[in-house]
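1. next input, structure requested:
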Amino acid sequence: MIQSNISLKDYNTFGLDITASSFCVVKSKTEIINLIQNEFSKYAKKLFLGGGSNILFLKDYEGLVIKNEIKGIEIERETDEYVYLKSYSGTQWNDLVLYCVNKNLGGIENLSLIPGTVGAAPMQNIGAYGVEIKDVFESLEAIDLTTGETIIFTNKDCQFGYRESIFKNQEKNKFFIYSVTFRLNKKPILNLNYGDIQKKLIENGCANPTIKDVSNAIIEIRNSKLPNPKDIGNAGSFFKNPEVSIEKYSELLQLFPSMPKYDLPNGNVKIPAAWLIEQCGFKGKKYGNTGNHAKQALVIVNYGNASGIEIYNHAILVQKEVEIKFGILLSAEVNFI
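-> You can find the predicted model right below:
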(Lines give C-alpha, C1' and ligand atoms only; values in the text may rest on other atoms or scores of the structure.)
Protein backbone atom coordinates (compact mmCIF):
# COMPACT_ATOMS: atom_id res chain seq x y z
CA MET A 1 0.00 0.00 0.00
CA ILE A 2 1.35 3.41 -0.96
CA GLN A 3 1.20 6.03 1.80
CA SER A 4 1.48 9.81 1.52
CA ASN A 5 3.73 12.31 3.33
CA ILE A 6 5.73 9.88 5.46
CA SER A 7 8.67 10.96 7.63
CA LEU A 8 11.95 9.20 6.76
CA LYS A 9 13.64 10.07 10.06
CA ASP A 10 13.70 6.42 11.13
CA TYR A 11 14.85 5.28 7.68
CA ASN A 12 18.15 7.19 7.36
CA THR A 13 21.09 6.89 9.74
CA PHE A 14 21.75 10.64 9.76
CA GLY A 15 18.36 10.87 11.50
CA LEU A 16 17.17 13.67 9.21
CA ASP A 17 13.45 14.40 9.49
CA ILE A 18 12.82 14.34 5.75
CA THR A 19 9.38 13.72 4.27
CA ALA A 20 8.66 11.42 1.33
CA SER A 21 5.61 12.48 -0.67
CA SER A 22 4.87 8.77 -1.35
CA PHE A 23 6.13 5.69 0.50
CA CYS A 24 5.64 1.93 0.46
CA VAL A 25 7.24 -1.26 1.78
CA VAL A 26 7.98 -4.31 -0.40
CA LYS A 27 8.49 -7.83 0.97
CA SER A 28 8.54 -10.01 -2.15
CA LYS A 29 9.58 -10.17 -5.78
CA THR A 30 5.93 -10.24 -6.81
CA GLU A 31 5.31 -6.94 -5.01
CA ILE A 32 8.29 -5.31 -6.78
CA ILE A 33 7.14 -6.44 -10.22
CA ASN A 34 3.59 -5.31 -9.45
CA LEU A 35 4.92 -1.87 -8.50
CA ILE A 36 6.94 -1.60 -11.71
CA GLN A 37 4.05 -2.64 -13.92
CA ASN A 38 1.25 -0.71 -12.22
CA GLU A 39 2.65 2.21 -10.22
CA PHE A 40 6.05 3.35 -11.48
CA SER A 41 4.69 5.34 -14.42
CA LYS A 42 2.82 7.60 -11.97
CA TYR A 43 6.05 8.88 -10.40
CA ALA A 44 8.83 10.91 -12.00
CA LYS A 45 11.21 10.01 -9.16
CA LYS A 46 11.68 6.67 -7.41
CA LEU A 47 14.10 5.70 -4.64
CA PHE A 48 14.79 2.26 -3.18
CA LEU A 49 15.79 2.42 0.46
CA GLY A 50 17.66 -0.34 2.30
CA GLY A 51 19.31 0.52 5.60
CA GLY A 52 19.52 4.23 4.76
CA SER A 53 23.13 4.15 5.95
CA ASN A 54 24.91 5.63 2.97
CA ILE A 55 22.68 8.50 1.92
CA LEU A 56 22.29 12.16 2.74
CA PHE A 57 18.92 13.71 2.01
CA LEU A 58 19.34 17.36 1.01
CA LYS A 59 15.60 18.10 1.00
CA ASP A 60 12.18 16.43 1.19
CA TYR A 61 11.77 13.69 -1.40
CA GLU A 62 9.12 14.45 -4.00
CA GLY A 63 8.53 10.98 -5.38
CA LEU A 64 8.04 7.35 -4.38
CA VAL A 65 10.33 5.86 -1.72
CA ILE A 66 10.29 2.03 -1.66
CA LYS A 67 11.56 0.45 1.57
CA ASN A 68 13.11 -2.94 0.83
CA GLU A 69 12.09 -5.62 3.35
CA ILE A 70 12.83 -8.69 1.21
CA LYS A 71 14.88 -10.82 3.61
CA GLY A 72 16.35 -14.30 3.87
CA ILE A 73 19.51 -16.42 3.54
CA GLU A 74 19.75 -19.81 1.82
CA ILE A 75 22.41 -22.19 0.52
CA GLU A 76 22.31 -22.29 -3.27
CA ARG A 77 24.92 -25.02 -3.84
CA GLU A 78 28.16 -26.47 -2.47
CA THR A 79 31.50 -27.84 -3.69
CA ASP A 80 34.34 -29.41 -1.73
CA GLU A 81 35.84 -25.93 -1.19
CA TYR A 82 32.97 -23.49 -1.24
CA VAL A 83 29.41 -22.79 -0.16
CA TYR A 84 27.45 -20.56 -2.52
CA LEU A 85 25.13 -18.58 -0.31
CA LYS A 86 22.19 -16.54 -1.60
CA SER A 87 20.94 -13.63 0.47
CA TYR A 88 17.95 -11.46 -0.38
CA SER A 89 18.67 -7.77 -0.69
CA GLY A 90 16.67 -6.47 2.29
CA THR A 91 18.65 -8.62 4.73
CA GLN A 92 20.79 -6.61 7.14
CA TRP A 93 24.42 -6.98 6.08
CA ASN A 94 25.69 -7.82 9.54
CA ASP A 95 23.03 -10.54 9.93
CA LEU A 96 24.57 -12.23 6.90
CA VAL A 97 28.10 -11.83 8.33
CA LEU A 98 27.06 -13.39 11.65
CA TYR A 99 25.30 -16.25 9.82
CA CYS A 100 28.54 -17.04 7.97
CA VAL A 101 30.74 -16.66 11.04
CA ASN A 102 28.54 -18.99 13.08
CA LYS A 103 28.73 -21.62 10.33
CA ASN A 104 32.51 -21.12 9.90
CA LEU A 105 32.15 -19.92 6.30
CA GLY A 106 35.05 -17.61 5.55
CA GLY A 107 35.29 -14.53 3.37
CA ILE A 108 33.27 -11.69 4.88
CA GLU A 109 34.28 -11.73 8.56
CA ASN A 110 36.44 -8.62 8.00
CA LEU A 111 33.26 -6.81 6.94
CA SER A 112 31.61 -7.26 10.34
CA LEU A 113 29.35 -4.51 11.64
CA ILE A 114 29.20 -2.54 8.38
CA PRO A 115 25.75 -0.93 8.39
CA GLY A 116 23.20 -1.30 5.61
CA THR A 117 21.62 -4.12 3.66
CA VAL A 118 22.87 -6.89 1.39
CA GLY A 119 21.49 -5.14 -1.70
CA ALA A 120 23.70 -2.10 -1.12
CA ALA A 121 26.85 -4.21 -0.70
CA PRO A 122 27.60 -4.87 -4.40
CA MET A 123 26.30 -1.47 -5.42
CA GLN A 124 29.00 0.18 -3.25
CA ASN A 125 31.48 -2.72 -3.43
CA ILE A 126 31.70 -2.30 0.34
CA GLY A 127 35.03 -3.02 1.95
CA ALA A 128 37.04 -2.86 5.16
CA TYR A 129 40.26 -4.23 6.64
CA GLY A 130 41.66 -5.48 3.35
CA VAL A 131 38.51 -7.18 2.04
CA GLU A 132 35.96 -6.06 -0.55
CA ILE A 133 32.70 -7.59 -1.74
CA LYS A 134 34.18 -8.32 -5.17
CA ASP A 135 36.52 -10.85 -3.49
CA VAL A 136 33.61 -13.16 -2.57
CA PHE A 137 30.91 -12.06 -5.01
CA GLU A 138 29.56 -14.73 -7.36
CA SER A 139 26.48 -13.14 -8.97
CA LEU A 140 23.34 -11.14 -8.33
CA GLU A 141 19.75 -11.23 -9.50
CA ALA A 142 18.38 -7.84 -10.54
CA ILE A 143 14.99 -6.68 -11.78
CA ASP A 144 14.86 -4.25 -14.69
CA LEU A 145 12.88 -1.23 -13.49
CA THR A 146 11.47 -0.60 -16.96
CA THR A 147 10.35 -4.08 -18.00
CA GLY A 148 10.20 -6.07 -14.75
CA GLU A 149 12.51 -8.65 -16.36
CA THR A 150 15.00 -10.56 -14.16
CA ILE A 151 18.66 -10.34 -15.20
CA ILE A 152 21.74 -12.10 -13.75
CA PHE A 153 24.94 -10.07 -13.28
CA THR A 154 28.27 -11.88 -12.84
CA ASN A 155 31.30 -10.48 -11.00
CA LYS A 156 32.71 -9.20 -14.30
CA ASP A 157 29.36 -7.67 -15.32
CA CYS A 158 29.30 -5.54 -12.16
CA GLN A 159 32.53 -3.72 -13.09
CA PHE A 160 33.63 -3.38 -9.48
CA GLY A 161 36.01 -0.61 -8.47
CA TYR A 162 36.89 1.10 -5.20
CA ARG A 163 33.43 1.71 -3.65
CA GLU A 164 32.10 1.56 -7.19
CA SER A 165 30.09 -0.70 -9.47
CA ILE A 166 28.09 -0.49 -12.68
CA PHE A 167 25.04 0.24 -10.50
CA LYS A 168 26.54 3.56 -9.39
CA ASN A 169 27.50 4.54 -12.92
CA GLN A 170 26.03 3.57 -16.31
CA GLU A 171 23.27 1.38 -14.82
CA LYS A 172 22.38 3.76 -12.00
CA ASN A 173 18.66 3.73 -11.13
CA LYS A 174 17.94 1.13 -13.83
CA PHE A 175 17.77 -2.03 -11.68
CA PHE A 176 16.51 -3.28 -8.35
CA ILE A 177 18.97 -5.74 -6.78
CA TYR A 178 16.80 -8.63 -5.62
CA SER A 179 19.35 -11.17 -4.33
CA VAL A 180 23.12 -11.65 -4.12
CA THR A 181 25.07 -14.92 -4.20
CA PHE A 182 28.41 -15.12 -2.38
CA ARG A 183 31.19 -17.72 -2.60
CA LEU A 184 32.35 -18.56 0.93
CA ASN A 185 35.28 -20.75 1.97
CA LYS A 186 34.61 -23.97 3.88
CA LYS A 187 38.24 -23.73 5.04
CA PRO A 188 38.59 -20.03 5.90
CA ILE A 189 41.73 -18.13 4.90
CA LEU A 190 42.18 -15.30 7.39
CA ASN A 191 43.13 -11.80 6.23
CA LEU A 192 45.03 -10.25 9.14
CA ASN A 193 47.10 -7.71 7.21
CA TYR A 194 45.81 -4.72 9.14
CA GLY A 195 47.78 -3.97 12.30
CA ASP A 196 44.69 -3.05 14.30
CA ILE A 197 43.30 -6.57 13.85
CA GLN A 198 46.55 -8.27 14.88
CA LYS A 199 46.87 -6.02 17.92
CA LYS A 200 43.28 -6.67 19.04
CA LEU A 201 43.65 -10.45 18.58
CA ILE A 202 46.77 -10.41 20.77
CA GLU A 203 44.91 -8.33 23.38
CA ASN A 204 42.10 -10.90 23.31
CA GLY A 205 44.57 -13.79 23.75
CA CYS A 206 43.86 -15.36 20.34
CA ALA A 207 47.06 -17.17 19.36
CA ASN A 208 45.28 -19.28 16.71
CA PRO A 209 42.33 -17.12 15.71
CA THR A 210 39.15 -18.38 14.10
CA ILE A 211 36.89 -16.31 11.85
CA LYS A 212 34.72 -15.71 14.93
CA ASP A 213 37.73 -14.27 16.75
CA VAL A 214 38.47 -12.01 13.77
CA SER A 215 34.84 -10.88 13.55
CA ASN A 216 34.71 -10.15 17.29
CA ALA A 217 37.99 -8.20 17.09
CA ILE A 218 36.70 -6.06 14.23
CA ILE A 219 33.40 -5.43 16.02
CA GLU A 220 35.37 -4.24 19.07
CA ILE A 221 37.56 -1.98 16.92
CA ARG A 222 34.60 -0.47 15.06
CA ASN A 223 32.64 0.09 18.27
CA SER A 224 35.63 1.87 19.82
CA LYS A 225 36.08 4.22 16.85
CA LEU A 226 32.73 4.70 15.16
CA PRO A 227 29.62 6.29 16.67
CA ASN A 228 26.41 4.27 16.72
CA PRO A 229 23.80 6.02 14.51
CA LYS A 230 21.22 5.23 17.20
CA ASP A 231 23.15 7.54 19.53
CA ILE A 232 24.36 10.18 17.08
CA GLY A 233 23.34 10.52 13.42
CA ASN A 234 26.00 9.56 10.87
CA ALA A 235 26.59 7.50 7.73
CA GLY A 236 29.93 5.97 8.70
CA SER A 237 32.85 6.90 6.46
CA PHE A 238 31.81 10.03 4.56
CA PHE A 239 34.74 10.08 2.12
CA LYS A 240 36.71 7.49 0.17
CA ASN A 241 40.42 7.00 0.86
CA PRO A 242 42.13 8.77 -2.07
CA GLU A 243 44.43 6.90 -4.44
CA VAL A 244 47.52 8.75 -5.67
CA SER A 245 50.63 7.90 -7.67
CA ILE A 246 53.79 6.91 -5.80
CA GLU A 247 55.39 10.07 -7.22
CA LYS A 248 52.67 12.27 -5.73
CA TYR A 249 52.98 10.48 -2.41
CA SER A 250 56.77 10.93 -2.39
CA GLU A 251 56.34 14.67 -2.96
CA LEU A 252 53.85 14.92 -0.10
CA LEU A 253 56.08 12.83 2.16
CA GLN A 254 58.78 15.52 1.90
CA LEU A 255 56.30 18.02 3.35
CA PHE A 256 54.48 15.65 5.71
CA PRO A 257 56.97 12.97 6.91
CA SER A 258 54.39 11.12 9.03
CA MET A 259 51.87 10.65 6.18
CA PRO A 260 50.62 7.03 6.22
CA LYS A 261 49.87 4.96 3.12
CA TYR A 262 48.70 1.56 1.89
CA ASP A 263 50.42 0.10 -1.17
CA LEU A 264 48.14 -0.97 -4.02
CA PRO A 265 48.74 -3.76 -6.56
CA ASN A 266 48.75 -1.22 -9.44
CA GLY A 267 51.77 0.61 -8.00
CA ASN A 268 49.76 3.53 -6.63
CA VAL A 269 49.16 4.17 -2.94
CA LYS A 270 46.07 4.86 -0.89
CA ILE A 271 46.22 7.58 1.77
CA PRO A 272 43.79 7.42 4.72
CA ALA A 273 41.25 10.21 4.28
CA ALA A 274 40.81 10.32 8.06
CA TRP A 275 44.47 11.31 8.48
CA LEU A 276 44.19 14.08 5.88
CA ILE A 277 41.05 15.46 7.53
CA GLU A 278 42.60 15.28 10.99
CA GLN A 279 45.67 17.22 9.81
CA CYS A 280 43.33 20.00 8.73
CA GLY A 281 42.04 20.32 12.28
CA PHE A 282 38.50 18.99 11.81
CA LYS A 283 38.62 16.02 14.20
CA GLY A 284 36.26 16.55 17.12
CA LYS A 285 35.30 20.06 16.00
CA LYS A 286 31.66 21.12 16.04
CA TYR A 287 30.28 23.44 13.38
CA GLY A 288 26.75 24.42 14.34
CA ASN A 289 24.72 21.21 14.39
CA THR A 290 27.32 19.13 12.57
CA GLY A 291 31.04 18.36 12.58
CA ASN A 292 33.61 15.55 12.50
CA HIS A 293 33.50 12.89 15.18
CA ALA A 294 35.98 13.10 18.06
CA LYS A 295 37.22 9.51 17.63
CA GLN A 296 37.10 9.23 13.82
CA ALA A 297 37.61 12.30 11.64
CA LEU A 298 36.23 10.48 8.58
CA VAL A 299 32.77 10.41 10.14
CA ILE A 300 30.60 13.53 9.81
CA VAL A 301 27.84 13.60 12.41
CA ASN A 302 24.46 15.17 13.03
CA TYR A 303 24.41 16.48 16.60
CA GLY A 304 20.62 16.46 16.57
CA ASN A 305 19.18 19.29 14.55
CA ALA A 306 21.32 19.52 11.43
CA SER A 307 19.70 19.76 8.02
CA GLY A 308 20.96 17.79 5.04
CA ILE A 309 22.22 21.02 3.46
CA GLU A 310 24.14 21.93 6.63
CA ILE A 311 25.90 18.54 6.62
CA TYR A 312 26.56 18.82 2.88
CA ASN A 313 28.06 22.31 3.24
CA HIS A 314 30.32 21.09 6.02
CA ALA A 315 31.50 18.21 3.81
CA ILE A 316 32.33 20.71 1.05
CA LEU A 317 34.35 22.74 3.57
CA VAL A 318 36.31 19.63 4.54
CA GLN A 319 36.96 18.85 0.87
CA LYS A 320 38.23 22.38 0.20
CA GLU A 321 40.58 22.48 3.18
CA VAL A 322 42.09 19.07 2.35
CA GLU A 323 42.59 20.13 -1.26
CA ILE A 324 44.27 23.39 -0.24
CA LYS A 325 46.64 21.67 2.19
CA PHE A 326 47.48 18.50 0.24
CA GLY A 327 46.35 19.04 -3.36
CA ILE A 328 44.05 16.03 -3.04
CA LEU A 329 40.30 16.21 -3.75
CA LEU A 330 38.35 13.82 -1.56
CA SER A 331 35.43 11.94 -3.14
CA ALA A 332 32.27 11.36 -1.14
CA GLU A 333 31.34 7.78 -0.31
CA VAL A 334 27.89 8.96 0.78
CA ASN A 335 25.21 9.41 -1.90
CA PHE A 336 23.42 12.78 -2.04
CA ILE A 337 19.67 12.62 -2.63
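
2. what's downstream of the longest helix along the chain, the next helix or strand?
-> Using DSSP state H to define each element, the chain has its longest helix at helix 308-326. Counting by DSSP states H and E, the next helix or strand C-terminal to helix 308-326 is strand 335-336.

3. for that next one, name the packing helices and strands.
-> For strand 335-336, the packing partners by 3 or more CB pairs under 8 Å, 6 or more residues apart in numbering; DSSP states H and E come out as strand 55-56. From N, CA and C alone the C-beta is placed, and that goes for glycine too.

4. so for the strand it packs on, mean pLDDT?
-> For strand 55-56, mean pLDDT is 95.

5. centre of the chain to it, how far?
-> 11 Å (CA atoms, centre = their mean, to the nearest Å).

6. show residues contacting stretch 245-262.
-> Contacts with stretch 245-262, where a contact means CB atoms under 8 Å, 6 or more residues apart in numbering, come from Asn241, Val244, Gly267, Asn268, Val269, Lys270, Ile271, Pro272, Trp275, Gln279, Phe326, Gly327.

7. now, which of those residues lie within strands?
-> If you go by DSSP state E, the contacts of stretch 245-262 have Val244, Val269, Lys270 in strands.

8. ok, back up a step: from the contacts of stretch 245-262, which single one is nearest Leu111?
-> Using CB to CB, Asn241 comes nearest to Leu111 of the contacts of stretch 245-262, at 16.0 Å.

9. for Ser139, see how far away that closest one is.
-> 28 Å (CB to CB, to the nearest Å).

10. list the contacts of the closest residue in space to His293 that isn't next to it in sequence.
-> Take His293 and drop its neighbours on the chain: the residue closest to it by CB to CB, 6 or more residues apart in numbering is Val299, 4.2 Å away. Shown in contact with Val299 (CB under 8 Å, 6+ apart): Leu226, Pro227, Asn234, Gly236, Ser237, Phe238, Asn292, His293.

11. want to try a markdown table for these, with distance to Val318, secondary structure and pLDDT as columns?
-> A markdown table is the format used below for those (distance: CB to CB, whole Å; DSSP: H, G, I helix; E, B strand; the rest coil; pLDDT from 0 to 100):
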| residue | distance to Val318 | secondary structure | pLDDT |
| --- | --- | --- | --- |
| Leu226 | 17 | coil | 86 |
| Pro227 | 17 | coil | 88 |
| Asn234 | 14 | strand | 93 |
| Gly236 | 15 | strand | 88 |
| Ser237 | 13 | strand | 90 |
| Phe238 | 8 | coil | 95 |
| Asn292 | 7 | strand | 96 |
| His293 | 12 | coil | 95 |
